[in-house]
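> any chance you could fold what I've pasted below:
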Amino acid sequence: MPNMAAKIITCPSCGEEIELTDLYEGMEIECKLCGAMMLYQEKKILLLDTNEEFDIEELERVEEEEEEEEEEEEEEEEEYDLDYDEY
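Below is the predicted model:
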């Protein structure tokens with residue numbers, strides 16, 4: 001079954017990815033890793049324990065970033081393989 005995440009955001013407290021299947025005004029969001037509670041209001045995420053506000057765009061995980069990270073990791077692995085083969 002395909003992943004039905006509407007958005008993937010990064011927890012502002014710990015950096016864990018949070019998959020949101022829905023997003024609506026007044027929605028409470030909890031990070032499963034660190035337990036941080038957030039509230040979505042006026043297109044912002046309010047981190048309840050510190051009262052910090054974040055634009056949703058700041059926390060969204062962009063697929064292009066993921067692809068770039070994967071490409072960098074592959075390049076690093078290739079470089080390591082080449083270095084190892086020389087010995």
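> any low-confidence regions in this protein?
The chain contains residues with pLDDT under 70 at 1-5, 62-71, 76-87.
> show me where it has strands.
Under the criterion DSSP state E, the chain contains strands at 7-10, 17-20, 28-30, 37-41, 44-47, 52-55.
> buried residues in the fourth one?
Within strand 37-41, the residues that count as buried by 16 or more other CB atoms under 10 Å are Met38, Tyr40. Where you see a C-beta, it was placed from the backbone N, CA and C, and this is true even at glycine.
> do the shortest one as well
Applying a neighbour-count criterion of 16+ other CB under 10 Å, one finds Ile29 buried in strand 28-30.
> just give me the neighbour total for the nearest residue to Glu16 once chain neighbours are set aside.
In space, and not counting its chain neighbours, Glu16 is closest to Leu33: 4.0 Å by CB to CB, 6 or more residues apart in numbering. Neighbour count of Leu33, defined by other CB atoms under 10 Å: 13.
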